[in-house]
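Enquirer: here you go, sequence then predicted model.
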Amino acid sequence: MLAGAFVVTTALMFPLDEHVAERLQDSSTQANRFFKRASTGVEVIASPGAYIIGGTLYAVGRLGRWDRVADLGWHGTEAVFFAEGVTYVLKGTVGRGRPFLSKGEDPSDYHLMHGFKSGDWTSFPSGHTSTAFAAAAAVTNETTRWWPHSTWVVGPLMYAGAASVGFSRMYHNKHWASDVALGAAIGTFSGRKVVQYAHGHPGNRIDRFMLRTSVAPDGRGGVRVGVTLPAP
């Protein structure tokens, strides 16, 4: 149902791409001081912010031996990596021209594989949006495992923040509305599936190395490396 909703949303955005771009590039909208300041800030929070925040949580969790914090940091970062990998391949393959190339007037400008040659042809889908939604989905699903009722608080906050990133990319004329819709889909599925897989397969090699490996002095000038596995 979620996949179908995203497919329909992306399809519905294609006919609206030009209209949305025109409205957001209107002089009155561009002159709005709140939009100007907020749009720049949320983009930084998404990238490179998602890596910095995720890496910090992971490091703090490992050093403080807070498994849940380490899980949150690592799985959020893992989801972002996965989402950006999928996004990169699609961007390069589809080769869609960014709105600023045609001043928001030609959303049908595609050049197959051209996205691997120039960043101006990497509009579809939005990388910032997929990153933001991957982090939002991972955090929401991870925290729901600890506190089931937190979904109704954490979810809206995280997804609203992710949606603001998508809006900012359109406001800056870097993406069409349909780019943002697909980016949101990729990010949401990446975050959800990474967390679901990780906790459904607690012995998977990546988590086993990143979350269960410990290094400690052995008392003889060397170190001891150990891996803790969940009980069967």
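Expert: It's in. Numbering: from 1, shown residues only.
Enquirer: quick one: buried residues of the longest helix seen in the chain?
Expert: Across the chain, the longest stretch assigned as helix under DSSP state H is helix 67-94. For helix 67-94, the neighbour count (16 or more other CB atoms under 10 Å) marks 69-84, 86-87, 90-92, 94 as buried. The C-beta positions use only the backbone N, C-alpha and C, and glycine is treated the same way.
Enquirer: for stretch 128-147, same thing?
Expert: 128-144.
Enquirer: same question, stretch 177-186
Expert: For stretch 177-186, burial by neighbour count (16+ other CB under 10 Å) applies to 177-186.
Enquirer: and if you look at stretch 101-119?
Expert: For stretch 101-119, by 16+ other CB under 10 Å, it's 104, 107, 109, 114-115.
Enquirer: keeping just the C-alphas, turn stretch 186-198 into PDB.
Expert: Listed next in PDB are the C-alpha coordinates belonging to stretch 186-198 (Å, rounded to 0.1, in the frame of the first residue of the first chain):
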ATOM      1  CA  ILE A 186      13.400   5.800  -1.900                       C
ATOM      2  CA  GLY A 187      14.400   7.200   1.500                       C
ATOM      3  CA  THR A 188      11.300   5.900   3.300                       C
ATOM      4  CA  PHE A 189      11.800   2.400   2.100                       C
ATOM      5  CA  SER A 190      15.500   2.500   2.700                       C
ATOM      6  CA  GLY A 191      15.000   3.500   6.300                       C
ATOM      7  CA  ARG A 192      12.200   1.100   7.000                       C
ATOM      8  CA  LYS A 193      13.900  -1.900   5.400                       C
ATOM      9  CA  VAL A 194      17.300  -1.400   6.900                       C
ATOM     10  CA  VAL A 195      15.900  -1.300  10.400                       C
ATOM     11  CA  GLN A 196      13.600  -4.300   9.800                       C
ATOM     12  CA  TYR A 197      16.300  -6.400   8.300                       C
ATOM     13  CA  ALA A 198      18.900  -5.500  10.900                       C
END
